[in-house]
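Asker: I would like the atomic coordinates for the input below:
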Amino acid sequence: MTLHSDSIPPIQPLHTLCPGTSARIVKIYLHGAMRHRLQDLGWIPGTTIQRLQSASGGDPTAYRVRGGVLALRACDARLVLVQVY
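Answerer: Sure, this is the predicted structure:
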């Protein structure tokens, strides 16, 4: 008899998502005004986020959360952990 465990998707930084990919926010390591602004916009653990497109130079990247779209720089997106589902 072989036991199979459910595989749990890895937790990864937000900036590593591929365009069009959706994930759930796990943890936000930003502080101060940026953290409060994201929380005001609904960026809280458990919320679904989708990576949209990047600027022509690759930074910033647009993300959709709760019907709103926000562009976030890669240095800030590195501090948001997500889990693809």
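Asker: From here on, just use CA atoms for contacts and neighbour counts.
Answerer: Will do.
Asker: Mind listing residues that contact the one helix or strand Lys27 maps to?
Answerer: Per DSSP states H and E, Lys27 falls inside strand 22-28. The contact list for strand 22-28 (CA atoms under 8 Å, 6 or more residues apart in numbering) reads 11, 35, 43-51, 79-85.
Asker: Select from the residues you listed every entry located in helices.
Answerer: Residues from those lying in helices, with DSSP state H as the criterion: Arg35.
Asker: How about the contacts made by the spatially most central residue of the chain?
Answerer: In the chain, the residue lying closest to the centroid (CA atoms, centre = their mean) is Leu14, at 3.9 Å. Applying CA under 8 Å, 6+ apart, one finds that Leu14 lies in contact with Ala77, Arg78, Leu79, Val80, Leu81, Val82.
Asker: Scan those and report the most crowded one.
Answerer: Val82 (27 neighbours; other CA atoms under 10 Å).
Asker: about what we covered before: next, work out how far apart the residue nearest to the centre of the chain and His36 are.
Answerer: The span separating Leu14 from His36 equals 18 Å under the rule CA to CA, to the nearest Å.
Asker: swap in Gly42?
Answerer: Summarising the geometry, the distance separating Gly42 from His36, computed by CA to CA, is 10 Å.
Asker: who does Ile11 bridge with?
Answerer: Taking DSSP bridges, one finds Gln83 as the beta-bridge partners of Ile11.
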